[in-house]
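S.K.: need coordinates for the following:
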Amino acid sequence: MKTLMFTLTLLLSASSFAKSDYNSRTIEQAVAQLSQIAQETRVTQVQPSTDVKGMVREFALAAGEVESAEEFEASWQGDNAAAWQGDSTNWGSSDLKGASEYVLSVLEQNLEYSEQTTEDKVAFSEAYLKAQNAFSLLRHIKTVKYGVGPVGAVQCGFQFAALLVIDSETGKVYTIIMEGSGC
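M.R.: Here you go, the predicted model:
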């Protein structure tokens, strides 16, 4: 009986580890696809947790974006859309829908501001498909979380928000910056 329990425990542990590894690899694959269409992508390691706010706070402190936990708390917007506003110092959480809307809206804006040549339209279509595929991969992973932070592009003195894709099992925070800096 003890041998059976020990074997079951080992199998369940191995199964749990395999699922965790699969989730992390899938998140990395999705982020790699987003990296192909983003202006910049960064990875920051924080303590793994199921608390999105705690992980975003640790990220903000580690990246030097805030000087104290109190400064972070003063700018935390929760899941309010205010964190996505341009030229804000707001932090917040998001969901899959908000994350995909951010990426796709930047792609659409880039097409709108282009000369809309055939090449521009093909590039938009390819980028749009990569984004859709990346979010399709992320849709099925329960441990992926999303955040928003004022760590995006700086354009003419205005700071833009960036998407944070958070692997809550490994503690990796992927910063996806879609806009380019400049004036």
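
S.K.: where along the protein do the helices fall?
M.R.: Secondary structure of the chain, counting by DSSP state H: helices at 2-35, 52-62, 69-75, 96-113, 118-139.

S.K.: in terms of mean pLDDT, which of those ranks lowest?
M.R.: For the helices of the chain, the bottom mean pLDDT is recorded on helix 2-35, which sits at a mean of 69.

S.K.: quick revisit: Asn90 is nearest to which of the helices of the chain?
M.R.: Nearest to Asn90, of all the helices of the chain, is helix 69-75, at 5.2 Å by C-beta to C-beta. All C-beta atoms are positioned from the backbone trio N, CA, C, and that covers glycine.

S.K.: now do that closest one: which elements does it pack against?
M.R.: helix 52-62 (3 or more C-beta pairs under 8 Å, 6 or more residues apart in numbering; DSSP states H and E).

S.K.: could you list the buried residues of the helix it packs on?
M.R.: By 16 or more other C-beta atoms under 10 Å, the buried positions in helix 52-62 come out as Val52, Lys53, Met55, Val56, Arg57, Glu58, Phe59, Ala60, Leu61.

S.K.: so what's the third one up against?
M.R.: Each residue near Met55 by C-beta atoms under 8 Å, 6 or more residues apart in numbering is listed here: Val46, Gln47, Ser49, Lys145, Gly147, Ile166, Ser168, Gly171, Val173.

S.K.: in those, find the pair that's most separated.
M.R.: Across those, the longest distance by C-beta to C-beta is 14.6 Å; it joins Gln47 and Gly147.

S.K.: ok, and the closest non-adjacent residue to Ile27?
M.R.: Distance criterion C-beta to C-beta, 6 or more residues apart in numbering; nearest residue to Ile27, sequence neighbours excluded, is Asp167 at 4.9 Å.

S.K.: middle-most residue in this protein, spatially?
M.R.: In the chain, the centroid-proximal residue (C-alpha atoms, centre = their mean) is Val165; its distance is 1.9 Å.

S.K.: for beta bridges, what are the partners of it?
M.R.: Beta-bridge partners recorded for Val165 (DSSP bridges): Tyr146, Tyr174.

S.K.: need the contact list for it.
M.R.: Val165 makes contacts with Ile27, Ala30, Val31, Leu34, Ala99, Leu138, Val144, Tyr146, Val173, Tyr174, Ile176, as judged by C-beta under 8 Å, 6+ apart.

S.K.: how about 7 Å then?
M.R.: Each residue near Val165 by C-beta atoms under 7 Å, 6 or more residues apart in numbering is listed here: Ile27, Val31, Val144, Tyr146, Tyr174, Ile176.

S.K.: was I right about the second one contacting Lys172?
M.R.: Spelled out, that is Val31. No - the pair Val31 / Lys172 is not scored as a contact, 8.8 Å apart, by C-beta atoms under 7 Å.
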